[in-house]
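Participant: Fold the following, please.
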Amino acid sequence: MEDPARAIDLAQRAIATTPEDHPNRATSLSSLSRLLQQRFERTRSIEDLDEAIHLARRAITIPGDHPFQAILLDNLSRSLRQKYEITRSIGDLHEAIDHMRSAIDTTPADHPNQAILLSNLRRYIHDSKAL
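Facilitator: Coordinates of the predicted model:
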């Protein structure tokens, strides 16, 4: 959407009207998380990034075998990596690595996203070794 504030508002409304046990709730939480992460990239508002991480964590804890679990984990991992870039908190980077490993583990070896996830993990581990 051209209007990020409107997109965020619509995503928040979608979550507010989605029952806690609905199968699409995790995807809605992750989508809002991604919108806040994108807004953070433009505004550098740490509050947006913190809320993006909070929502992404909620998304991965929804019970059930979610078909997009790897994407949900990847989203959380990326937000944590961004947080690390700002705070230099090694805990954020280690958590990002753990979630990226989980994303890789839930992705079939022949899936097209496997290469992207592995590349991201390589970069995260390289960052942790550079400390």
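
Participant: For Arg42, grab phi and psi.
Facilitator: The phi/psi pair for Arg42 (degrees, to the nearest 10) reads phi -90, psi -40.

Participant: residues contacting it?
Facilitator: Pro4 (CB atoms under 8 Å, 6 or more residues apart in numbering). (Each C-beta comes from the backbone N, C-alpha and C, glycine too.)

Participant: same thing with Ala70?
Facilitator: Ala103, Ile104, Thr106, Thr107, Asn113, Leu117.

Participant: Buried subset of these, written for PyMOL?
Facilitator: Here the buried members of the contacts of Ala70 are turned into a PyMOL selection, burial being counted by 16 or more other CB atoms under 10 Å:
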select buried, resi 103+104+106+107+117
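
Participant: Farthest pair within the contacts of Ala70?
Facilitator: For those, the farthest-apart pair by CB to CB is Thr106 and Asn113; their separation is 10.4 Å.

Participant: Next one: the residue nearest to Phe68 when sequence neighbours are not counted from Ser33, what distance?
Facilitator: Once flanking residues are discounted, Phe68 sits nearest to Thr27: 6.2 Å by CB to CB, 6 or more residues apart in numbering. Counting by CB to CB, to the nearest Å, the gap from Thr27 to Ser33 is 10 Å.

Participant: Quick check: neighbours shared by those two?
Facilitator: Joint contacts of Thr27 and Ser33 (CB under 8 Å, 6+ apart) are Ala59.

Participant: Give me the more crowded residue out of those two.
Facilitator: Shown here are Thr27 and Ser33; by other CB atoms under 10 Å, Ser33 has more neighbours (27 against 19).
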